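>>> Return a 3D structure for these sequence lines:
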Amino acid sequence: MSSNDIDQEIRQYKELLALHVQPRDRCLDNLANALARRFEQLGKIADIDEAIELHRQALTLVASPHPSHCSSLNNLGSALLTRFDHQGDAKDVDEAIELYEEALTLHEPTHPDHGMSLNNLATAVLRRFEQEGDANDIDQAIQLCREALTLHVPPHPDYGSSLSNLASAVLTRFEQQGDTKDMDEAIELYRETLTLCEPSDRNRGSSLNNLADAILARFEQQGDGSDIDEAIALHREALTLRTQFHPDRGSSLNSLALAVWTRFGQQGDIKDIDETIELQREALALCPASHPGRSSSLNNLASAILTRFEKQGDVLDINKPIELYGEALALHEISHPGRASSLANLAMAILTRFEQQGDAQNINKAIELCREALTLHDAGHPNRSSSLNNLAIAVQTRFEQQGDIKDIDEAIELHREALTLCKPPHPGRGSSLRNLAISIRIRFGQQGDPKDIHEAIAIQREALTLCEPPHPDRSNSLDSLANAVMVRFEWQRDTRDINEAIELYREALALRESPHPNRCSSLNNLAIAVGTRFEQQGVTRDLNEAIELHREALALCEPPNPSCGSFLNNLANAVRRKFTQQGDSRDINEAIKLHREALTLHTPSHPVHGSSLNSLANALLSRFEKEGDARDANEATQLYRDAMAFWEPPHPYRGSSLQGLAKCFIIRYEQSHDNHDLENACNLFQEAAKYPSSSPSTRFHHARSWAQSMAPYHPTSTLTAYHATIELLPQLAALHLDLPSRQRIFSTIADPALASDAAACAVGLSHYNTAVEFLEASRSIFWSQALHLRTPLDDLATIHPGLSTKLKDLARQLEQASFRDTSWNKLDTQQKIKSIESEGARCRRLNEDWEETIKMVQKLPGFEDFMRLKAMATLRQAAVAGPIVILTATDSACFALIVTSTNEVQHLKLPVLTLPEVHICTELSQARLAGREGTAKLDPEEIFRALLANLWKNIVNPVFVALNLQAIDPPRLWWCPTGPFAFLPIHAAGMYGKGSTGCVSDYVISSYTPTLGALLDPPVRTSASFKITAVIEPNTPNCSPLPGARAELNKIVGRVPKEWLTTLINTDVETALVHLQASLIVHFACHGTQDLEHPLDSGLILTDGRLKVSAIMRRPEGNNPLDIQKFMSLAFLSACETAKGDRTVPDEAMHLTATLLFAGFRGVVATMWIMNDLDGPKIADTFYEYLFKNCDPNSNPPNLPDLTQAAKALHLAVGKLREEPGISFRRWVPFVHYGL
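Coordinates of the predicted model:
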């Protein structure tokens, strides 16, 4: 009916009323209904107000028990509900419910209108639920609809409408509570309703739309592509039934547009978003200024245009939605139920404009709108969680721009409250989890609290479990989790994190096939992750892939797309990495060009303007270092200054600009020699190294750069830089991590030159004590951390037994947790990974408690240095039994530091030796002793002879001269080789040519130690039952036979009293471990192996597998690591490669010998490289003969061996082997002694 027809009808009813035509109540109702219809067409509020007043008059004329009383109640209730839908006054819906309830009481269950009354009441209660969110209302509405349906069985004419009403109520409950059974029931009910509508049925269009909406809801929950296609097809059919002048055509246009828009969001076909906009424009054209549906159409069209802007970036598209949303808001007065959503829509559009243009007024306005929307959604309102999330996102965005910590804290609290309103299986729980996790991750980036990043990852994993394939949000969830894992990698540098992030990004990309609107984002994310892995691992394939991915992302994101600037910067960064690796000037020129283009898009008001400035400065500085054009350095200086002005503290990226500007001042100083430039550089480097918003790994690298940059110019600042660098080392892999993770992290950040360079700096300033302290603190970090958990607490127990007991308990728990299995692969469920990370969270709490307790101990008198880095006064005690010679090689010099228990540290320069020569010696010794062929065509013995002579002349003899040693009654001496020295047979150095004299064994009894700290604990002295266990493996599966192993056992049996000896032949790992931890001496005659990729998997090969380093380190559960060792004094490893370390981290001593030392053994006999199977029995015979001479198990007390004589016993055994005629160097050189 046209508006003219309705106007004519209204005039007629008014004339009848003026003539007092009877029955008057019917005339009143008819006029009121006509006014209500006109209101629905034109939206004039006066019409619905007048209609309600007329219905009230009619109701007074038909008081109960008048037969028309029920009808009049329903009419008034319907009009009130219509006004409520447009104005949102709760009094209207409450009154409508009261009227419908009264009508229902007047209709007995057998009354033909009872079903209609049930449906009317259900509709009103459902509306109140949508406004106020009381779960009792939605359940009541569904119950009323079910009751009505039982009264409207086929062929009742209202059966279809009852089906539809029930479906609508059940679907509403699904949208709020997320139970998929409700969704499936709604679809089935709507399908049945549709079967009742013939093609000519006037209700068919509504049935098609209703079914389509329900199927669309299922698609949004489950992601089945056939659902979205079916929903669109149903909406198109409905639209064909609602031709140009149909009153519901606008509604059908909107519904179809929404479905097509949803498909665009998943598939990205630009034709879909263009069609959506055209459909919404047509719908809006059907809603003139006063039309009640105009605000809805305005919002829908604005949302579609905003989506197109986010895809294509046309600036006209960002302003138009704000204009449309603003008009929609103006139509929604304070009490209107749609006002909150209009406020939120306008806020999000303004927020989007802020993200592109950066005007602070935009962000503040968006927050103001979001706050107003939240006030309209009180506790219990079904949309409160959405309003909380919107406000949180706006406040979080302001934090990212302005850095006020109160903003990000508020955002997190808002997201947490929203999450409490989305309990499982609420359909919005996944997005609420992701939003909360993102905010927590952002706060981590600002404050660096590890709890935040771990919580963010745990929350993202939970969100991902709610998005199993083919859920449409799965790609978003994968991306969000990957982003968080990437941030943790940048903090901890654990390779597992970067690898997981890449796998997650790859899966997300696979779900975003072209033309998905977020494909370019996925390409960009994956490219960044792969490029980051290149920086860590240096695999060129990763760099090439990163550049290809960045180029593909950029090709999908040309200007004016709002992401274009960031994508340009990211490609430029990758190309700059290629320049750094390959040195092609074309690459750095391209990078600079790309950065400049990005900067033109990121104007000063743009939120990422600072990143563009910093990135361009980095590229210009790289080109200057290659080409030396001062203009590049000058421009970079200004750009870094601008970036710092943009990134005020505590912005997390400011540290990068500080370091970059410091480098520029160094460049300027090299040109000007102005000390002010040098001091500025020092101050900036120091600020960058200590910038609290940067991660420990970033600060570590900044401190290292500080030291390297200052080394040629400012020794004092360089020394301070090394202090800062070394102090950060323990923070890079804290005790809460499992052992493999710690080992991986230390391997990742390993800098082979750090220890030696720091020591050389201290030596240059004649700070020899500091040099030793640096070497001790920057080497074997992995082991030093582990040993913290085994620090004796006797003195503390005397002063404060409570703290002592607490530390013992924490140490026990942390050590046990160190051995937990944290391994997983991409086939494992997120639930398993989440469980692993939950245990990690428990360990982090333990570690925090451990650190806080240590701080408490350090406040006690006399315990100020408790568990701090050891000072020289403590380290000197390691040399009580003999001098310790620390050998160090740097690019500038090689030197020895000689530590004794009484004198000052002695510095001895080794002037003839250079670092390249040390590396050459290392290569020769590795090749010869390992038995590799092809390193030279010379006689291997001659190579050895020359090598050992070189070591003697250039290293050992100068040390012996400095110590004034004589070749008489050799004393003990410990070698502590650092860097490449760790792979040289210093103990075998000497002049072995004809007529030559002098070798190490003539002057000293050599031992090695990985650190001075390893010698600080006293040797085991116990009267407990003495036990030696011999583990013999003559025929290990899958290994070559060791016929000498049984002969070796025979020699041991012949030298060791049988009362003390336990023999294990072809035993298993568990049995060996049990005996190892209860024996004073353990002897292994078996194969050994070094796993360079996973050093903690190195070990001794037994019958049932490998006795790994990690297993040897582990204590039986219940044993306290802080208890004084009663066993495990001496280990004899007659196996190959037991003292061979990892050349990538030589200062971490990742070999079996070091493991046993740090596990508690006080001394270890081992082999540096491959040994001859025939030599094991010979060495063992002489070794145990000397060690057990004069021993008697039956004396009272038993006469026990002195295990501190193990080094001398090996000294004699090797000497005897060396004296055999024709013995080669390869036969006797590998045997070494470590420890006391």
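>>> Residue 490: how many residues sit nearby?
By the criterion of other CB atoms under 10 Å, residue 490 has 16 neighbours. All C-beta spots, glycine's among them, are computed from the backbone N, C-alpha and C.
>>> Ok, the one 5 residues further on next?
Residues lying near residue 495 (other CB under 10 Å) number 17.
>>> Then residue 670?
For residue 670, the number of neighbouring residues by other CB under 10 Å comes to 13.
>>> Could you confirm it falls within a helix?
Yes. Counting by DSSP: H, G, I helix; E, B strand; the rest coil, residue 670 is found in a helix.
>>> Give me the pLDDT for it.
At residue 670, the pLDDT value in this model is 94.
>>> so who does it touch?
Shown in contact with residue 670 (CB atoms under 8 Å, 6 or more residues apart in numbering): no residues.
>>> and it, how far is that from residue 1159?
From residue 670 over to residue 1159 the distance is 50 Å, taken as CB to CB, to the nearest Å.
>>> again, but for residue 882
Applying CB to CB, the value for residue 882 to residue 1159 is 24 Å.
>>> Those two: who's more crowded?
Shown here are residue 882 and residue 1159; by other CB under 10 Å, residue 1159 has more neighbours (23 against 19).
>>> burial count for residue 18?
9.
>>> Pull up the gap between it and residue 27, please.
Separation of residue 18 from residue 27 (CB to CB) stands at 10 Å.
>>> How about residue 913?
Going from residue 913 to residue 27 by CB to CB gives 116 Å.
>>> check contacts around the most centrally placed residue in the chain.
Centroid-nearest residue in the chain, with CA atoms, centre = their mean: residue 485, separated by 2.4 Å. By CB under 8 Å, 6+ apart, the residues touching residue 485 are 457, 497, 500, 501, 504.
>>> so can I have a markdown table of those residues showing secondary structure?
Converted to a markdown table, the contacts of residue 485 look like this (three-state DSSP):
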| residue | secondary structure |
| --- | --- |
| 457 | helix |
| 497 | helix |
| 500 | helix |
| 501 | helix |
| 504 | helix |
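>>> just curious, which of these is nearest to residue 473?
Nearest to residue 473 out of those is residue 504 (CB to CB; 14.2 Å).
>>> how deep is that closest one tucked in, by neighbour count?
With neighbours defined by other CB under 10 Å, the count for residue 504 comes to 26.
>>> Not counting its neighbours along the chain, what's nearest it?
In space, and not counting its chain neighbours, residue 504 is closest to residue 482: 3.7 Å by CB to CB, 6 or more residues apart in numbering.
>>> The one you found: what's it in contact with?
Taking CB under 8 Å, 6+ apart, we find residue 482 in contact with 500, 501, 502, 504, 505, 508, 525, 529.
>>> what's the spacing between residue 10 and residue 1088?
Going from residue 10 to residue 1088 by CB to CB gives 101 Å.
>>> Neighbour count: these two, which is higher?
residue 1088 (26 against 18).
>>> Identify the neighbouring strands of the host helix or strand of the more buried one in the sheet and state each direction.
Per DSSP states H and E, residue 1088 falls inside strand 1087-1089. Taking DSSP bridges as the criterion, strand 1087-1089 forms sheet pairs with strand 1099-1102 (antiparallel).
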